[in-house]
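# 3D, please:
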Amino acid sequence: MRQSPAPGQARETKYQALYRRVKDDILRGVLASGTRLPSKRVMAERAGVSVVTVEYAYRQLIDEGYVYARERSGCYVQALTGAASPRSDRDADGPPPLTFLPDEPPDPAAETDFPYTVWFRTLRRVMSEYGPRLVERSPGKGVTRLRNELAAYLLRCRGMYAPPERIIVGSGAEQLYGEIVRMLGNRRRYAVEYPSYSQIEAVYAASGAAVERLPIGPDGVESAALQNADADVLHVTPFHSWPTGATAPAAKRYEYLAWAHAPGTERYIVEDDFDSEFFLSGRPPETLYSMDKTDRVIYLNTFSKSLSPAMRMGYMILPEALVPVYDERLGRFSCSVPLLEQYALAEFLADGSFERHLSRRRRRLSAGG
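Numbers count the residues shown, from 1 in each chain. Got it, this is the predicted structure:
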């Protein structure tokens, strides 16, 4: 019966062991540059292995450049400048056993009502229907099917007019924040709510952009701070800003839009709408994107909150004037979301599964669950 290797150790074949011994002798200087290795038959007898095993070991040494072959002469040690350095006995015996990290414990705060059965059934259906298409390169803005379904969902359930050609799919909010800077440029100054989700400021700063913090009150960014801001882009979360929970009323939202529309400026608002699906009664809150009449709002949302943190997928809707800018600066890059997940989410939206899931979540939240 074959025994498994000890934890942290890979099984080493005979040819690998021979290869390692010869390589170590070369690296320690035991076998000097230009030394002729024993013939395959002699080495086989010395090592107590088959000639085929020696052939495999010598071939790997040749492929990796430790040894070179001369026709009808044999194998010789290659010159390796700086390789013959002192090595400890432990190095000669190979690396120490690996110590593997323990599995991460489950997150007790994670949502437990993810519709696993429906989602996995959707995945199986997509794999069966799309087959080889799932290993193709994704279009840069995301697959057309998903962008169409997102447009239909937003119009049907949020009253938002978002033509599919203006929808960009990405792998979560942080990637989309970075794309916004790459599209608008890092010479602009980006204003963020303070306090806010820390990754917003971190991504903008890491992209080389100057960041300005604007204090947030119970109804949104404080008016005096907004009017005195020296920024070109305002990143706000009008609904349930994190961590304050502030929601901007209509007056504050129009104040944001007035700031963006100021004469003689080219300002934009990034509307981060991550929690807006979870309004508890009546109609969903009107978005800045829907209220805007002059194409100055970039709308951004993800499925991390509405479905699962593991669902690394989001989207943004660009003003019409920014579509050619995006195409010029980012159009050559592929969408980083796997096609399987894009098509699965499209099906999830098309057959009503997503809306039914949201309804269940809202009922649970309304009941205090």
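# is it true that Ser306 touches Ser359?
No. If you go by Cβ atoms under 8 Å, Ser306 and Ser359 don't touch, sitting 11.7 Å apart. The C-beta positions use only the backbone N, C-alpha and C, and glycine is treated the same way.
# Tell me which of those two has more neighbours.
Neighbour count, other Cβ atoms under 10 Å: between Ser306 and Ser359, Ser306 has more, with 18 against 11.
# secondary structure class for the more buried one?
coil (DSSP: H, G, I helix; E, B strand; the rest coil).
# try the one 3 residues further on
Using three-state DSSP, the structure places Pro309 in coil.
# Check which helix or strand the residue nearest to Ala79 when sequence neighbours are not counted maps to.
Nearest non-adjacent residue to Ala79, counting by Cβ to Cβ, 6 or more residues apart in numbering: Ser33, 4.1 Å away. Here Ser33, judged by DSSP states H and E, is contained in no helix and no strand.
# What distance do you get for Ser33 to Ser73?
Counting by Cβ to Cβ, to the nearest Å, the gap from Ser33 to Ser73 is 16 Å.
# Those two - which one has more neighbours?
Ser33 (14 against 8).
# what's that one in contact with, if anything?
Going by Cβ atoms under 8 Å, 6 or more residues apart in numbering, Ser33 touches 77-80.
# hey, where'd the helices end up in the stretch 51-200 of the chain?
Per DSSP state H, counting those that start in this stretch, the stretch 51-200 of the chain carries helices over the ranges 51-63, 89-92, 116-130, 144-153, 173-184, 198-206.
# Comparing these by mean pLDDT, which bottoms out?
The stretch with the lowest mean pLDDT among those is helix 89-92, at a mean of 51.
# tell me which helix or strand of the protein sits lowest on mean pLDDT?
helix 89-92 (a mean of 51; mean pLDDT, DSSP states H and E).
# Just the buried residues of stretch 251-260, please?
252-253, 255-257, 259-260 (16 or more other Cβ atoms under 10 Å).
# CSV for those, including secondary structure and distance to Ser334?
Putting these into CSV (DSSP: H, G, I helix; E, B strand; the rest coil; distance: Cβ to Cβ, whole Å) gives the following:
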residue, secondary structure, distance to Ser334
Lys252, helix, 38
Arg253, helix, 35
Glu255, helix, 39
Tyr256, helix, 33
Leu257, helix, 34
Trp259, helix, 35
Ala260, helix, 31
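# Make JSON lines out of those and add distance to Gln16.
Converted to JSON lines, the buried residues of stretch 251-260 look like this (distance: Cβ to Cβ, whole Å):
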{"residue": "Lys252", "distance to Gln16": "68"}
{"residue": "Arg253", "distance to Gln16": "66"}
{"residue": "Glu255", "distance to Gln16": "69"}
{"residue": "Tyr256", "distance to Gln16": "64"}
{"residue": "Leu257", "distance to Gln16": "67"}
{"residue": "Trp259", "distance to Gln16": "66"}
{"residue": "Ala260", "distance to Gln16": "64"}
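# Now do the strands for the stretch 201-350 of the chain: every range, in order, please.
Ranges of strands within the stretch 201-350 of the chain are 210-217, 220-221, 233-236, 268-272, 297-302, 314-317, based on DSSP state E, counting those that start in this stretch.
# Nothing else from me, thank you.
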